[in-house]
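# compute the structure for the input listed below.
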Amino acid sequence: MGFFAKLLRHDKGRPAAGVELTEEQRAALPRRFEAAGEALAAGSPFVVEACWVVGRDLAEVGVSLGESLEGLRTTTLFVADRDPTFDECHALSLAWSEATLGYLHRLSCADPLTGLATMAHVRERISELYRDAVANSHALVVTEAHLPTAPDGSVDLIAAARLMALLGETARGVFAPSATIGQVGHSRVVVLAPRDDSLASRVSLMKRMADAAADRVWIEGLPRTDESAASLLDELARGA
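Here you go, the predicted structure:
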């Protein structure tokens, strides 16, 4: 038996049009659909906006899109004796999708082990500079880590992640808070830094602070085109 059929078995009754929901009727609605139900019952012009809020909230607590749409249909059937309209479904689905994509984007921006921006995020930030025609005002500062090895000569991955996180924190202390700091390949930290009068002194400070943790620190100028910048990042990743 579906949720709506179960609702109809209660003695709460369907709300009358233009009448505020009773506490029992409100409690009978799917969780987080109370505001949408209230808007429907009152004949409010803001039902679509309420569906948007519901879609966002459901995505943030991990409810699937299918379950969210089912909850919307249950609500409109119970309150208004009809299926949801296209606009109501569209608002809920769009809000759900945007909230979900936003969450996934936040996950993809940073490596969970090191906290450093992923190569994909660094690439996107560089592309933004080219789109704004200001790429020549920035440069990449590259720090190549001296990766620790295990007794068998292989890279100690856990120790390497700790070292990359440490170099990232060092870079955050040296460069402006707005600078994008990411990992390229297994052993290189890159900073997308403004090419200003302080760049050389910041790089020099980075070299001193990284000390034995890094084999070298250098500046890579951004090439003339976005496509060439992508190739540069690939080369840095392959060499790491």
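# strands along the protein, start to end?
138-145, 180-184, 188-194, 214-221 (DSSP state E).
# can you pull the contacts of L157?
The contact partners of L157, by Cβ atoms under 8 Å, 6 or more residues apart in numbering, come to none. Every C-beta, even on glycine, is put in place using the N, C-alpha and C of the backbone.
# let me know the pLDDT of it.
L157 is assigned 79 on the pLDDT scale.
# roughly how far does it sit from A150?
Applying Cβ to Cβ, to the nearest Å, the value for L157 to A150 is 9 Å.
# likewise for L116?
Taken as Cβ to Cβ, the span from L116 to A150 is 22 Å.
# all helices of this structure, in order?
3-9, 23-28, 34-42, 47-60, 65-80, 86-109, 119-131, 157-174, 199-210, 226-238 (DSSP state H).
# using CSV, lay out these together with distance to V191.
What follows is the helices of the chain, written out as CSV (distance: least, Cβ to Cβ, whole Å):
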stretch, distance to V191
helix 3-9, 52
helix 23-28, 53
helix 34-42, 45
helix 47-60, 32
helix 65-80, 39
helix 86-109, 16
helix 119-131, 9
helix 157-174, 5
helix 199-210, 8
helix 226-238, 12
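# by mean pLDDT, show me the worst of those helices.
What stands lowest among the helices of the chain, in mean pLDDT terms, is helix 3-9, with a mean of 40.
# on that earlier part again, and R32, which of the strands of the chain is closest to it?
Closest approach to R32 among these (Cβ to Cβ): strand 180-184, 36.1 Å.
# how many residues are close by E34?
For E34, the neighbour count with other Cβ atoms under 10 Å is 17.
# need the contact list for it.
Residues in contact with E34 (Cβ under 8 Å, 6+ apart) are R26.
# quick one, domains of this protein?
With domains defined by automatic domain parsing, the chain comprises 3-109, 119-238.
# so what's L21 scoring on pLDDT?
At L21, pLDDT is 86.
# ditto for A176
86.
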